[in-house]
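Engineer: only the shape, not the letters, is given here:
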């Protein structure tokens with residue numbers, strides 16, 4: 001009898017589109033959305049990696065952020081840790097990582113930023129004093145998931161018949 005190893009589930013994501021990222025005032029976190037030309041959308045959120053210097057203490061130097069990507073269609077969640085984010089005083093933000101790439105093409109502040117947020121993101125974000133960074137983004141992720149084997153048990157109805165049951169129900 002041959003033994004096959006479980007392959008698991010492989011998820012590959014390779015998308016390009018236009019992203020709108022809203023950074024908070026101290027630029028320690030952001031949230032945004034990337035829209036592809038085919039109409040798919042991905043939610044993108046980032047926060048400073050623990051023990052990373054803040055943009056206020058290290059201006060014009062790279063900072064590390066943990067970025068969470070949510071596939072709007074499938075609901076899959078991906079976490080990319082320790083991503084290098086470059087911020088400069090000229091209003092440019094650049095994210096460089098094999099999994100996530102972004103570069104600023106336009107920067108909006110004030111009423112123009114509020115309009116971008118209301119049209120493409122959540123209107124509740126428009127109330128905050130924020131700036132919006134718009135530019136091309138590329139996501140390239142390859143992940144795998146190996147679910148744990150289900151619990152098996154034997155039921156004995158009579159001596160000659162064995163029934164093998166599988167269940168993920170905790171009451172069974």
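Structural biologist: Noted; the coordinates are in hand. Computed from a predicted model, the values in this text were never measured in an experiment.
Engineer: next one: the nearest residue to residue 112 once chain neighbours are set aside from residue 31, what distance?
Structural biologist: Leaving aside its chain neighbours, residue 112 sits nearest to residue 132 (7.9 Å; criterion: C-beta to C-beta, 6 or more residues apart in numbering). Using the backbone N, CA and C atoms, a C-beta is placed for each residue, glycine as well. Separation of residue 132 from residue 31 (C-beta to C-beta, to the nearest Å): 11 Å.
Engineer: overlap of the contact sets of those two?
Structural biologist: 21-22 (C-beta atoms under 8 Å, 6 or more residues apart in numbering).
Engineer: who has more neighbours out of the two?
Structural biologist: residue 132 (25 against 19; other C-beta atoms under 10 Å).
Engineer: bridged to the more buried one, which residues?
Structural biologist: Legend: beta-bridge partners of residue 132 under DSSP bridges are residue 22, residue 108.
Engineer: next one: the one 5 residues further on
Structural biologist: Legend: beta-bridge partners of residue 137 under DSSP bridges are residue 17, residue 102.
Engineer: where do the helices sit along the chain?
Structural biologist: 110-120 (DSSP state H).
Engineer: what does stretch 87-104 contact?
Structural biologist: Residues contacting stretch 87-104 (C-beta under 8 Å, 6+ apart): 19, 21, 23, 27, 44, 55, 59-60, 63, 67, 69, 78, 80, 83-86, 107, 131, 133-141.
Engineer: ends of that stretch, how far apart?
Structural biologist: 10 Å (C-alpha to C-alpha, to the nearest Å).
Engineer: stretch 83-95 too?
Structural biologist: Using C-alpha to C-alpha, the two ends of stretch 83-95 sit 7 Å apart.
Engineer: same question, stretch 91-108
Structural biologist: Using C-alpha to C-alpha, the two ends of stretch 91-108 sit 9 Å apart.
Engineer: report the buried residues of it.
Structural biologist: 93-95, 97, 99-104, 107-108 (16 or more other C-beta atoms under 10 Å).
Engineer: same question, stretch 28-37
Structural biologist: Buried residues in stretch 28-37 (16+ other C-beta under 10 Å): 28, 30-35.
Engineer: you'd agree the residue nearest to residue 112 is up against residue 21?
Structural biologist: Yes. The pair residue 132 / residue 21 is scored as a contact, 7.1 Å apart, by C-beta atoms under 8 Å.
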